[in-house]
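Colleague: Quick one: sequence plus predicted model below, questions after.
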Amino acid sequence: MLSRVAERLYWLARYLERAENTARLISIYNHLIMDIPKGSEPSWMILIDILDAREQFEDRYNAETEQNIHRLLIERAEEQCSVPYSVLQAYENVRTTRDALPQEAWEYISELRLYVIQYSKQSLARSKRLAFLDEIVQRCQMLTGLFHSSLSRDEVYSFLRIGKLVERADMGIRITDVGAQDILDREGAFKSIDQLLWGALLEALSAKSAYRRMKGPVIDKENVIELIFQAEHFPRSLTYCLRELRVELMRLPNSEASLKKAHKILRILKGYDNRQEIYLHEYNTNLQRVLRELGTSFSKTWFQREAS
């Protein structure tokens, strides 16, 4: 496979997963704000910090208001942190790899692009925002489901799956780092809503139903973090993502360097216990660093060959 095709498939999957995850995150946070008593709600800027978009926000806006934050994340298609940006980048990558994908992929992504162009600027108000975000999540899942059910398990599938798993792990680390740390910093100040906050964190990772089945109805921080980091059979846990990533890397030649990074992340995850809670930020920073190294290693192996 040509390296440029492999790269576009990888980034198609990353941007599709990013659009879905970002839309879900914004939606869940909106629900949380509406459910929490006035005066105890966390800052809207948590969304900006999870998406590592503080610099982009501050370049555009002076006031940290709900409206400005949603303008950046829902309306500004030129900003890399926004939902429209991820959708449009996914569209470009489908457009240039159509021969490798199911025919329906072009139809689905074209419809998604048109939907975003038509409705993103009309969806800033709370009354329209949630319906817009939920539609993005559902349409992204349609495409992901199409790839899973229609593609042969060859290199095309592997590059798509690797992109999805890297992006999913990255978002899991970001949400756990910023979201969980904010809850821990506030813990006890509004004790009556602690379970609500941890529940919202689970929902942001589409993990609440899995938590209830695996851990029971009572939500507590130790079990939440353990599920996100170490659950072996939950598709959005970091351990699951890295194990599946390792499987896909083993299908591809010349992946030894990337496999070493995947093994390293799995060792870090296995070694976590809840007594390390006070070091959660440092722990997540280390995970993020090694995951970034894995992505860099994979890119050097597969996406830079034709330049030589």
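Modeller: Yes, it's here.
Colleague: any idea how far the residue positioned nearest the centre of the chain is from Gln56?
Modeller: Central residue of the chain (Cα atoms, centre = their mean): Met171, 3.6 Å from the mean position. From Met171 across to Gln56, the span is 17 Å (Cβ to Cβ, to the nearest Å). (Glycine included, C-beta is placed from N, CA and C.)
Colleague: now swap in Glu66 and tell me
Modeller: Remark: distance between Glu66 and Gln56 (Cβ to Cβ) = 17 Å.
Colleague: who has more neighbours, these two?
Modeller: Shown here are Glu66 and Gln56; by other Cβ atoms under 10 Å, Gln56 has more neighbours (19 against 14).
Colleague: my guess is that one contacts Glu79, does it?
Modeller: Yes: the criterion here is Cβ atoms under 8 Å, and Gln56 meets it with Glu79 at 5.4 Å.
Colleague: what touches both of the two?
Modeller: Residues touching both Gln56 and Glu79 (Cβ atoms under 8 Å, 6 or more residues apart in numbering): Leu72.
Colleague: Residue ranges in the stretch 51-200 of the chain under the pLDDT threshold?
Modeller: Low-confidence segments of the stretch 51-200 of the chain (pLDDT under 70): 186-192.
Colleague: nearest residue to Phe303 other than its sequence neighbours?
Modeller: Nearest residue to Phe303 in three dimensions, chain neighbours excluded: Glu7, at 4.2 Å (Cβ to Cβ, 6 or more residues apart in numbering).
Colleague: now swap in Phe159 and tell me
Modeller: Once flanking residues are discounted, Phe159 sits nearest to Leu9: 4.1 Å by Cβ to Cβ, 6+ apart.
Colleague: Check Ser150 too.
Modeller: The shortest distance from Ser150 to any non-neighbouring residue, by Cβ to Cβ, 6+ apart, is to Pro102 (4.4 Å).
Colleague: With Ala90 instead?
Modeller: Spatial nearest neighbour of Ala90, chain neighbours left out: Tyr15 (4.1 Å); criterion: Cβ to Cβ, 6+ apart.
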